[in-house]
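Peer 1: take this sequence and fold it.
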Amino acid sequence: MPKENILVVEDEHDIMELITYNLIREGYRVSAVSSGEEALTAIHESPPDLVMLDIMMPGLDGLEVCRRLKADNQTARIPVIMLTSKGRDSDVVRGLEMGADDYIVKPFSNKVVNARIRAVLRRLPAEKDEGEFVQIHDLMINPGKHEVMVHGEPVELTFTEFKILHYLTKHPGWVYTRYQIVEAVRGQDYIVTDRAVDVQIVGLRKKLGSMGKYIETVRGIGYRFREING
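Peer 2: This next block holds a predicted model:
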């Protein structure tokens, strides 16, 4: 049985060939393009099961491609693994904010790439079962449509902000560590700092307005969505 179809988006020809060869050897069906514009066209014509996306490309860069994919209901659930020579926390945070599912810094080994791909693909069946509608007073979350409403007004969230909010609100009052949040949203193999989770929470609180105060910091542990009584 053929494995999943992976789209490689990489403007450096040697790296593109190396990744493509490695993935084909692992049994995946692989296609490759060298620009962000080509990537968007290819994805809409034939949606892949996963995208390996370089950040630093001329024209439409990887961050913008990822943002557009995650903002479109037709492509939001396609997992994206970003490839980049950058490794600073700020770059990891930007990737998270755009909705990337993982982040691999160049140079990398084929074993690491293969392990990350397997980890992301293993999470897909579980994520399909997470479509539980949530309503807490004036907050409504519709995972199927990727919609959040506060007081009847739509709230625009990044892909990662949406997943964190949905995770916290499914069990109001429960306290989750930063590690648990990362594990639930990205999986156990995702490498991210505590600061990245904190940045997502700050963004959520601001965008939710009056409902943002219900996302509480539990000192020394993590976060919870406070129960609303009455």
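Peer 1: tell me where the chain has strands.
Peer 2: 5-9, 29-33, 50-54, 80-84, 102-105, 134-136, 139-142, 147-150, 153-154, 176-177, 215-218, 222-225 (DSSP state E).
Peer 1: pick out the shakiest of these, pLDDT-wise.
Peer 2: Set side by side, those give their lowest mean pLDDT on strand 102-105, at a mean of 83.
Peer 1: who does that one pair up with?
Peer 2: The strands beside strand 102-105 in its sheet (DSSP bridges) come out as strand 80-84 (parallel).
Peer 1: residues contacting the strand it pairs with, please?
Peer 2: Residues external to strand 80-84 that are found in contact with it (C-beta atoms under 8 Å, 6 or more residues apart in numbering): 10, 15, 19, 50-56, 62, 66, 69-70, 91, 95, 99-106, 108, 116-117, 120. For every residue, glycine as well, the C-beta is placed using N, CA and C.
Peer 1: just the strands of the chain: most buried one?
Peer 2: Most buried of the strands of the chain by mean neighbour count (mean count of other C-beta atoms under 10 Å) is strand 50-54; its value is a mean of 25.
Peer 1: quick one: low-confidence parts of the protein?
Peer 2: Low-confidence segments of the chain (pLDDT under 70): 1-2, 86-92, 124-132, 186-194, 229-230.
Peer 1: the same query, at a cut-off of 50, please.
Peer 2: 1, 128-129, 188-189 (pLDDT under 50).
Peer 1: quickly list what residue 6 is bridged to.
Peer 2: Assessed by DSSP bridges, residue 6 has beta-bridge partners residue 30, residue 50.
Peer 1: now for it: which residues touch it?
Peer 2: Counting by C-beta under 8 Å, 6+ apart, residue 6 has contacts 23, 28, 29, 30, 31, 48, 49, 50, 51, 52, 117.
Peer 1: residue 152: which of those is nearest?
Peer 2: Nearest to residue 152 among these, counting by C-beta to C-beta, is residue 51 at 34.8 Å.
Peer 1: shouldn't the closest one be in contact with residue 9?
Peer 2: Yes - between residue 51 and residue 9 there is a contact at 6.5 Å, judged by C-beta atoms under 8 Å.
Peer 1: spit out the residues that contact the two alike.
Peer 2: Residues touching both residue 51 and residue 9 (C-beta under 8 Å, 6+ apart) are residue 39.
Peer 1: which other helices and strands does the longest helix anywhere in the chain contact?
Peer 2: Ranked by number of residues, the top helix in the chain under DSSP state H is helix 110-128. Using 3 or more C-beta pairs under 8 Å, 6 or more residues apart in numbering; DSSP states H and E, the elements in contact with helix 110-128 are helix 13-25, strand 50-54, strand 80-84, strand 102-105.
Peer 1: swap the cut-off to 10 Å and go again
Peer 2: For helix 110-128, the elements it packs on are helix 13-25, strand 50-54, strand 80-84, strand 102-105, helix 178-185, judged by 3 or more C-beta pairs under 10 Å, 6 or more residues apart in numbering; DSSP states H and E.
Peer 1: hmm, back to that, let me have the strands of the chain in TSV, extended by distance to residue 201.
Peer 2: Listed next are the strands of the chain as TSV, based on distance: least, C-beta to C-beta, whole Å:
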stretch	distance to residue 201
strand 5-9	30
strand 29-33	35
strand 50-54	25
strand 80-84	22
strand 102-105	19
strand 134-136	17
strand 139-142	16
strand 147-150	15
strand 153-154	21
strand 176-177	11
strand 215-218	6
strand 222-225	6
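Peer 1: next, give me the two most distant ones among the contacts of residue 6.
Peer 2: Top of the distance list for the contacts of residue 6 (C-beta to C-beta): 31 and 117, 14.9 Å.
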